[in-house]
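Q: one predicted model, sequence on top.
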Amino acid sequence: MRREGAPRRLTADGTVWLWNVRHRHPDCRTVLSLRRAELPHAQLRLVFREGPGRIVAGYPFGTGDVASADGAILNLNEPGVVRRFLDEAGARGLLPAVHGVHGVHEEDAWPLYDTLTATAGNRDA
């Protein structure tokens, strides 16, 4: 059984990415963390904070589910969903560069979510 929070591997266009999903408190939020395998000190954290019309935890949703009031739900534990976020983050220039990047960059994930759910017909995977 996989350890909760342990990084998972995803290969996209020849690059190996490590990712994980965690739910954090005190300000209820779910975080999708992405980093290149060869850049251990450069990380992008896509942060989903609870708010009006935004759901990040609680019944009937599972850990890793993020949803909006319009009924769209994405499961951040699905590699296909993570790949879509990775592609969208890349299109927006949010991913760590190959050289000279250190540290953690946090980004509001809801704008990416809105794009993915609008263009994907709310599919979950």
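A: That came through fine. Keep in mind that this is a model prediction, so the values were computed, not measured.

Q: low-confidence ranges, this protein, go.
A: Scanning the chain with the threshold set as pLDDT under 70 gives 1-5, 98-101, 120-125.

Q: centre-most residue in it?
A: With distances taken as CA atoms, centre = their mean, the residue of the chain nearest its centroid is Leu32 (3.4 Å).

Q: how about it, nearest residue that isn't a chain neighbour?
A: Nearest residue to Leu32 in three dimensions, chain neighbours excluded: Leu46, at 4.4 Å (CB to CB, 6 or more residues apart in numbering). For glycine as for every other residue, the C-beta is placed from the backbone atoms N, C-alpha and C.

Q: strands of the chain, residue ranges please.
A: Ranges of strands in the chain, per DSSP state E, are 8-12, 15-24, 29-36, 42-49, 54-55, 65-68, 73-75, 103-108.

Q: could those go into TSV alongside distance to Thr119?
A: Shown next, in TSV, are these (distance: least, CB to CB, whole Å):
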stretch	distance to Thr119
strand 8-12	18
strand 15-24	21
strand 29-36	18
strand 42-49	17
strand 54-55	19
strand 65-68	14
strand 73-75	12
strand 103-108	18
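
Q: ok, now which ones touch the nearest residue to Glu50 once chain neighbours are set aside?
A: Once flanking residues are discounted, Glu50 sits nearest to Cys28: 4.3 Å by CB to CB, 6+ apart. Contact analysis of Cys28 by CB atoms under 8 Å, 6 or more residues apart in numbering lists Arg49, Glu50, Val56, Ala57.
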